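# Got a predicted structure here, sequence first:
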Protein chains: 2
Amino acid sequence: MNFSSKLIEQAVDAFASLPGIGRKTAVRLALHLVDLPKEHTEQFTGALKEMKDKIQTCTTCFNLSDEAACSICNDKSRNPELLCVVESIRDLMAIEHTGHFRGFYHVLGGIISPIEGIGPGDLNIDSLLNRVELGSFKEIIMAISPTIEGDTTIFFLSKQLATHGVSVSTISRGVAFGGELEYADGLTLGRSIASRIPYQVSQGA
Amino acid sequence: MNFSSKLIEQAVDAFASLPGIGRKTAVRLALHLVDLPKEHTEQFTGALKEMKDKIQTCTTCFNLSDEAACSICNDKSRNPELLCVVESIRDLMAIEHTGHFRGFYHVLGGIISPIEGIGPGDLNIDSLLNRVELGSFKEIIMAISPTIEGDTTIFFLSKQLATHGVSVSTISRGVAFGGELEYADGLTLGRSIASRIPYQVSQGA
């Protein structure tokens, strides 16, 4: 689009650099800020800068955190026998939002994908095995998207965990096959956590 | 949504305060910034702050501008006989984007709407009449959304302009009746500017 103002153009470019925001939406957002009092823009940019400056990764579960340990890991009221393994922080947030799970989490930071060149060494798997070894967990719930890569990752992890004396379960297939976990509605996702099933290595064979 | 981090929550709230951005999208945008280098967030927030700090309103046409006079009003290559009257800066941008118009603009800052309590005195109409009185304009094009309020505004302006020795035209009804001008596609909008028709007071009677 042809702007008569460089300042507007820069702001539109900034918004349009975000995922899922097209040029028309970016124009709308930039002009929205122009219309509002200056304090609003300062609050908006301040919140983003503060997040970016201060946000940390929890040293235990790899969740995003305001401190060295996240508020979930610090929560003494949670069930110390349940550990939920997720691909990403978005998936953790989606499950947490359902309110159906009161155990702890472990964020892998991805899933095994030979096509994208992501192997087990690129994921937070050693730290997971360490936690299981040292912790009080009795059940490890694999809340991983039911895709081919997700199933591969679950298979790999269940093999690794087999000698640790814990049971491994997966969330039930309420989430449509091939579907991305983070897009599932809260009810489906919550129920699929509640009705999780024991994971058997021979299951898919 | 239940966040384990106050910092994330503030950033999500900031994004969700923008028009058309829901909570899920806001989470996605906030986590997008977390994933990228710090420089990206600084560039993003910097562009928005700079726009908000420095943006001005053109004293002639009421377009947004980096200087006291906007780059369109300063453009000597434009046709000094054509003046296009628009409701908002968004509409100006949409017409400018079609590339079909090379005259000048005048932004009303709204349209006459008794229901919303917007009368002629609330709009940039005196300055429009001044420009027409003092300027070299021969044709005033009403590029105003074809709604009831839009038609009322065109009617009012054409009455005011009747004694100024200029012809008044409206953009052709390629834009669907009741449709908002800023959502029209570029081709339709461009053609409706090119095939504009003389405005007659008796037209709608």
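On my side now, so go ahead.

# all contacts plus neighbour counts: C-alpha atoms, from now on.
Fine.

# for chain A, what spans make up the strands?
A:56-57, A:64-65, A:82-86, A:104-107, A:139-143, A:167-170, A:197-198 (DSSP state E).

# which neighbours does the first one have in its sheet, and in what orientation?
Spelled out, it's strand A:56-57. strand A:64-65 (antiparallel) (DSSP bridges).

# what's the domain layout of chain A?
Annotated domains of chain A cover A:6-54, A:73-198 [automatic domain parsing].

# now the strands of chain A as JSON lines including mean pLDDT and mean neighbour count?
Below are these laid out as JSON lines (pLDDT from 0 to 100; neighbours: other C-alpha atoms under 10 Å in any protein chain shown):
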{"stretch": "strand A:56-57", "mean pLDDT": "92", "mean neighbour count": "18"}
{"stretch": "strand A:64-65", "mean pLDDT": "92", "mean neighbour count": "24"}
{"stretch": "strand A:82-86", "mean pLDDT": "95", "mean neighbour count": "23"}
{"stretch": "strand A:104-107", "mean pLDDT": "96", "mean neighbour count": "25"}
{"stretch": "strand A:139-143", "mean pLDDT": "93", "mean neighbour count": "25"}
{"stretch": "strand A:167-170", "mean pLDDT": "90", "mean neighbour count": "20"}
{"stretch": "strand A:197-198", "mean pLDDT": "72", "mean neighbour count": "16"}
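
# mind showing which ranges of chain A have poor pLDDT?
A:1-2, A:173-179, A:195, A:201-205 (pLDDT under 70).

# Identify the residue nearest the geometric centre of it.
By C-alpha atoms, centre = their mean, chain A has its centre lying nearest to residue A:89, at 2.3 Å.

# Quick check: that residue touching residue A:61?
No: here residue A:89 does not reach residue A:61: they are 10.0 Å apart, not a contact under C-alpha atoms under 8 Å.

# any common contacting residues for those two?
residue A:107 (C-alpha atoms under 8 Å, 6 or more residues apart in numbering or on different chains).

# contacting residues for the residue nearest to residue A:100 when sequence neighbours are not counted?
In this structure, residue A:100 finds its nearest non-sequential neighbour in residue A:190, 5.4 Å apart by C-alpha to C-alpha, 6 or more residues apart in numbering or on different chains. Residue A:190 sits next to A:95, A:98, A:99, A:100, A:101 when contact means C-alpha under 8 Å, 6+ apart.

# any idea how far the first one is from chain B?
The spacing between residue A:95 and chain B, counted by C-alpha to the nearest C-alpha, to the nearest Å, is 10 Å.

# so how many other residues sit close to that residue?
If you count neighbours by other C-alpha atoms under 10 Å in any protein chain shown, residue A:95 ends up with 25.

# same thing with residue A:87?
The burial count for residue A:87: 23, using other C-alpha under 10 Å.

# Kindly report the same for the one 10 residues further on.
The criterion is other C-alpha under 10 Å. On that basis, residue A:97 has 16 neighbouring residues.

# surely it meets residue A:185?
No: in this structure, residue A:97 is not within contact of residue A:185 by C-alpha under 8 Å, at 10.3 Å.

# For the longest helix seen in chain A, which helices and strands make contact with it?
In chain A, assigned by DSSP state H, the helix with the most residues is helix A:38-54. If you count contacts as 3 or more C-alpha pairs under 8 Å, 6 or more residues apart in numbering or on different chains; DSSP states H and E, helix A:38-54 packs onto helix B:6-16, helix B:23-35, helix B:38-54.

# Let me know the angle separating the longest one from helix A:38-54.
So that's helix B:38-54. Orientation of helix B:38-54 against helix A:38-54 (axes from the mean of the first three to the mean of the last three C-alpha atoms, to 10 degrees) gives an angle of 170 degrees.

# Just the C-alpha atoms of helix B:38-54, please, in CSV.
C-alpha atoms of helix B:38-54 as CSV (Å, rounded to 0.1, in the frame of the first residue of the first chain):
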residue,chain,number,x,y,z
LYS,B,38,15.1,-8.9,21.4
GLU,B,39,15.9,-6.5,18.5
HIS,B,40,12.7,-7.5,16.8
THR,B,41,10.6,-6.4,19.8
GLU,B,42,12.5,-3.2,20.1
GLN,B,43,12.0,-2.4,16.4
PHE,B,44,8.3,-3.3,16.7
THR,B,45,7.6,-1.2,19.8
GLY,B,46,10.0,1.6,18.5
ALA,B,47,8.0,2.0,15.2
LEU,B,48,4.7,2.3,17.1
LYS,B,49,6.1,4.8,19.6
GLU,B,50,7.7,6.9,16.9
MET,B,51,4.5,7.0,15.0
LYS,B,52,2.5,8.0,18.0
ASP,B,53,5.0,10.6,19.1
LYS,B,54,5.6,12.3,15.8
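
# quick one: contacts of it?
By C-alpha under 8 Å, 6+ apart, helix B:38-54 touches A:7-8, A:10-11, A:14-15, A:30, A:33-34, A:38, A:41-42, A:45, A:48-49, A:52-53, B:33, B:66.

# which among those residues end up buried?
Those of those that meet the buried threshold are A:7-8, A:10-11, A:14-15, A:30, A:33-34, A:41, A:45, A:48-49, A:52, B:33, B:66, by 16 or more other C-alpha atoms under 10 Å in any protein chain shown.

# quick revisit: of the domains of chain A, which approaches residue B:114 most closely?
domain A:6-54 (22.1 Å; C-alpha to C-alpha).

# Give me the distance between the two termini of that closest one.
31 Å (C-alpha to C-alpha, to the nearest Å).

# ok now stretch A:57-65, how far from the chain's centre?
Centroid displacement of stretch A:57-65 relative to its chain, using C-alpha atoms, centre = their mean, to the nearest Å, is 11 Å.

# what's it in contact with?
Contacts of stretch A:57-65 (C-alpha under 8 Å, 6+ apart): A:55-56, A:67-71, A:73, A:89, A:92, A:105-109, A:127, B:4-5.
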